[in-house]
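Engineer: no FASTA, just this:
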């Protein structure tokens, strides 16, 4: 089978439409359609079928996509073996990272990667929900993602997951709050508070909703803001309380807020690296992931 046609099939599977695959491959939709038809002729089986105005994969198409991943990963490994003859990992690694992890990890990561001659990291901050993470691998080599620790794991035979960090979520309170002097706070003590959360589907909101199910305390959410720095300022100004990640929140003296653990409840998000299956066989990708882990280890000391 033609490798170029397999790449076209994978792009179509990743992006969901002929038009989107054409944009990614820098060609016309008709060229993508021709490649898919040629591959179908080559294998002797229908790989796509009509779905509304577009196309979708058949069962045979999905099976071939999984094998295409293996073939293309093998090619990546072959290229990476050639890379081992060079003195250091080389090339560009595309990284997607959610904003608060960028605050926590990105400055140190870029310093670390800067020590490798010929290795470049192209980073984008992406507001991502867990269901969106696998789709990002169409455009990125490494995705730094987060999810509620009680949520299902990322499930796909086409991805690899590397754990980075379990980050507890604490209750952020204004300095003068009635509970600010307590070492730990019961969720029931916050039943009448006004809450500031993130948008629906994002991990911190998932944690807050799971706490509701587990405790029966339903928070009154008055604002939804995805930027933790804005949430910090709103909490400090007395506009509500919030769940915020322990290692990225700025609760230093003078910030106007204090953070307290929840009593008797485990509330945390998991920070993980998600890659396409086989991507860690590339020295450049493996090096970036290793340096992310090293940066997390340094923050924990």
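Structural biologist: Received the coordinates, thanks. None of these values were measured; they are calculated from a predicted model.

Engineer: For the rest of this, base every contact and every neighbour count on C-alpha atoms.
Structural biologist: Will do.

Engineer: quick one: residue 105 and residue 291 touch, right?
Structural biologist: No - using CA atoms under 8 Å, residue 105 is not in contact with residue 291, being 9.9 Å away.

Engineer: Need the residues that contact stretch 47-64.
Structural biologist: Under the criterion CA atoms under 8 Å, 6 or more residues apart in numbering, residues 13, 16, 17, 18, 36, 40, 45, 46 lie in contact with stretch 47-64.

Engineer: Show me which positions of it end up buried.
Structural biologist: Residues of stretch 47-64 classed as buried: 47, 48, 55, 56, 57, 61, 62, 64 (neighbour count, 16 or more other CA atoms under 10 Å).

Engineer: Throw the residues you listed into JSON lines and include secondary structure, thanks.
Structural biologist: Formatted as JSON lines, the buried residues of stretch 47-64 follow (DSSP: H, G, I helix; E, B strand; the rest coil):
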{"residue": "47", "secondary structure": "coil"}
{"residue": "48", "secondary structure": "strand"}
{"residue": "55", "secondary structure": "strand"}
{"residue": "56", "secondary structure": "strand"}
{"residue": "57", "secondary structure": "strand"}
{"residue": "61", "secondary structure": "helix"}
{"residue": "62", "secondary structure": "helix"}
{"residue": "64", "secondary structure": "helix"}
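
Engineer: can I get those in TSV with distance to residue 191 and pLDDT?
Structural biologist: Listed next are those as TSV, based on distance: CA to CA, whole Å; pLDDT from 0 to 100:
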residue	distance to residue 191	pLDDT
47	54	89
48	52	88
55	49	88
56	47	90
57	48	91
61	51	87
62	48	89
64	52	89
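
Engineer: Please dump those into TSV; it should also carry distance to residue 236 for every row.
Structural biologist: Shown next, in TSV, are the buried residues of stretch 47-64 (distance: CA to CA, whole Å):
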residue	distance to residue 236
47	56
48	55
55	51
56	50
57	51
61	54
62	51
64	54
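
Engineer: which pair in those residues spans the largest distance?
Structural biologist: Greatest spatial distance in these: 55 and 64, 15.9 Å, computed using CA to CA.

Engineer: ok, and the closest non-adjacent residue to residue 285?
Structural biologist: residue 93 (6.2 Å; CA to CA, 6 or more residues apart in numbering).

Engineer: Pretty sure the one you found sits in a strand.
Structural biologist: Yes - under three-state DSSP, residue 93 falls within a strand.

Engineer: Could you tell me how many residues sit around it?
Structural biologist: Neighbours of residue 93 under the rule other CA atoms under 10 Å: 19.
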